[in-house]
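Participant: Next come a sequence and a model predicted from it.
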Amino acid sequence: MTRRAVVTGVGHYLPERVVPNSEFESTLDTTDEWIRSRSGIERRHFAAEGETTSDLATKAARAALEDAGCDLDAVDAIVVATSTADLTFPSAATMVQARLGMTSGFAFDVQAVCAGFVYALSNANALILSGQADRVLVIGAETFSRIMDWTDRSTCVLFGDGAGALLLEAQEGEGRNTDRGILAVDLNSDGRYKDLLYVDGGVSTQTTGHLRMQGNQVFRHAVEKLAKTANTSLERAGLTSDDVDWIVPHQANIRIIQGTAKKMGLGMDKVVVTVQDHGNTSAASIPLALSVGKQKGQIKSGDLIVTEAIGGGLAWGSVVVRW
Ligand code: UT7
């Protein structure tokens, strides 16, 4: 028998305010047509004034716990992937822990920008496989609207706010790739590419800063690195792209999503796409897509799923999970 980290619940939360592309036309030299055709984005959600990342994360966590039918007392740990925590410290994860009313276990944040959820899943999987935890809430939550430069049309039209969460539970598998649960992971980073995507502020510089991106350069890295990491983790699981039921990619740009699927030899009928409705929600995009994909009846128990993401760092990676 082999210990496995199995997904037993999923949920999400999106702020109420929906902003269509057309809203940017009055303040920026841009059009709905440009945003749609270059990115695939049609609308995004923005958090209300005073609504914070931990607010979104807590609501997503509650939805995942309800979906799993799991009691809060049974949760050992909370991992939040975010680059937009409410405060410099404590972590968003401990704030979620308090809001949920959980007074035992442990909680911490993971910061790997848009690849954050893949990194958080990998960490939670390691906690479960090592026996340090039996049940881990893994949350991706962001309020990227707070770090936008509203005068920069090349970035501010692309991002949105939201949160998604999974509950991972230790179960016994047979040690085969037909088991449910996380079957393989692949993580990478290369700090030499910092200037392609970063926020030009932070605690140590005494400013909050704004997101800066050389979009076309990130694009070039994305398709190549995402297909490669997805194939690497499939290989580690003893599987190929023929075995994949769903790619659930980071939702940054429909053209990156299409290019990656094509490089993997898979059609778009095998891809869960939410970028049109959410924009790029950084670490929240994969759990949001998993939750929406399940709600729509696309993702079913036993399906083989590959998630992949890339973002600031550059940091990128993938996880193969049997749902
Ligand atoms: O999640 C983290 C990872 N991030 C990503 O994966 C994002 C990766 N990059 C992208 O998604 C795309 O590169 C973008 C959507 C950001 C841009 O698409 P692109 O096809 O790479 O366009 P570009 O940056 O090469 O810009 C083309 C033109 C430029 O004008 P010139 O220099 O050709 O005259 C831009 O100034 O489009 C212009 N442009 C805009 N025009 C209208 C840039 N933003 C806009 C805009 N509206 N909002």
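Facilitator: Received, thanks.
Participant: From now on I want contacts and neighbour counts done on CA atoms only, so please keep to that.
Facilitator: OK.
Participant: what ranges do the helices span in the stretch 51-200 of the chain?
Facilitator: Using DSSP state H, counting those that start in this stretch, the helices assigned to the stretch 51-200 of the chain run over residues 53-68, 92-100, 116-129, 153-156.
Participant: residues contacting the closest residue in space to residue 257 that isn't next to it in sequence?
Facilitator: Excluding the flanking residues, the one nearest residue 257 by CA to CA, 6 or more residues apart in numbering is residue 249, at 6.8 Å. Each residue near residue 249 by CA atoms under 8 Å, 6 or more residues apart in numbering is listed here: 257, 271, 272, 273, 286, 306, 307, 308, 309.
Participant: For the ligand, state which of the residues you listed is nearest.
Facilitator: Of all the contacts of residue 249, the one with the least separation from the ligand (CA to the nearest ligand atom) is residue 309, at 7.8 Å.
Participant: by contact count, what packs against whatever helix or strand that closest one lives in?
Facilitator: Using DSSP states H and E, residue 309 falls within strand 304-311. Secondary-structure packing of strand 304-311 (3 or more CA pairs under 8 Å, 6 or more residues apart in numbering; DSSP states H and E): helix 116-129, helix 215-236, strand 246-249, strand 315-322.
Participant: Look at residue 40 and say how many residues are nearby.
Facilitator: 24 (other CA atoms under 10 Å).
Participant: if I look at it, how far off is residue 10?
Facilitator: From residue 40 across to residue 10, the span is 25 Å (CA to CA, to the nearest Å).
Participant: Show me the beta-bridge partners of residue 3.
Facilitator: In this structure, residue 3 has the following beta-bridge partners (DSSP bridges): residue 172.
Participant: Out of the helices of the stretch 51-200 of the chain, the one nearest the ligand is which?
Facilitator: Taking CA to the nearest ligand atom as the criterion, helix 153-156 is the member of the helices of the stretch 51-200 of the chain that comes nearest to the ligand, at 3.5 Å.
Participant: Can you tell me what sits against the closest one?
Facilitator: Helix 153-156 is contacted by residues 28, 29, 30, 145, 148, 149, 150, 211, 212, 213, 215 when judged by CA under 8 Å, 6+ apart.
Participant: what about the last one, how many neighbours?
Facilitator: When counting by other CA under 10 Å, one arrives at 12 neighbours for residue 215.
Participant: Kindly report the same for the fifth one.
Facilitator: Applying other CA under 10 Å, we find 21 residues neighbouring residue 148.
Participant: Hmm, it is touching residue 208, no?
Facilitator: No. In this structure, residue 148 is not within contact of residue 208 by CA atoms under 8 Å, at 10.6 Å.
Participant: so what are the domain limits for the chain?
Facilitator: Taking automatic domain parsing as the criterion, the chain consists of the domains 2-173, 181-322.
Participant: quick revisit: can you redo the helices of the stretch 51-200 of the chain as JSON lines with mean neighbour count, distance to the ligand and mean pLDDT?
Facilitator: Below are these laid out as JSON lines (neighbours: other CA atoms under 10 Å; distance: least, CA to the nearest ligand atom, whole Å; pLDDT from 0 to 100):
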{"stretch": "helix 53-68", "mean neighbour count": "23", "distance to the ligand": "17", "mean pLDDT": "98"}
{"stretch": "helix 92-100", "mean neighbour count": "21", "distance to the ligand": "21", "mean pLDDT": "98"}
{"stretch": "helix 116-129", "mean neighbour count": "25", "distance to the ligand": "11", "mean pLDDT": "98"}
{"stretch": "helix 153-156", "mean neighbour count": "17", "distance to the ligand": "3", "mean pLDDT": "98"}
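Participant: From the structure, what's the count of residues near the residue of the stretch 1-150 of the chain at minimum distance from the ligand?
Facilitator: In the stretch 1-150 of the chain, the residue that lies nearest the ligand is residue 30 (3.7 Å; CA to the nearest ligand atom). Counted with other CA under 10 Å, residues neighbouring residue 30 total 16.
Participant: Then residue 103?
Facilitator: When neighbours are defined as other CA under 10 Å, residue 103 has 11 of them.
Participant: any idea how far residue 118 is from it?
Facilitator: Using CA to CA, one obtains 27 Å as the distance from residue 103 to residue 118.
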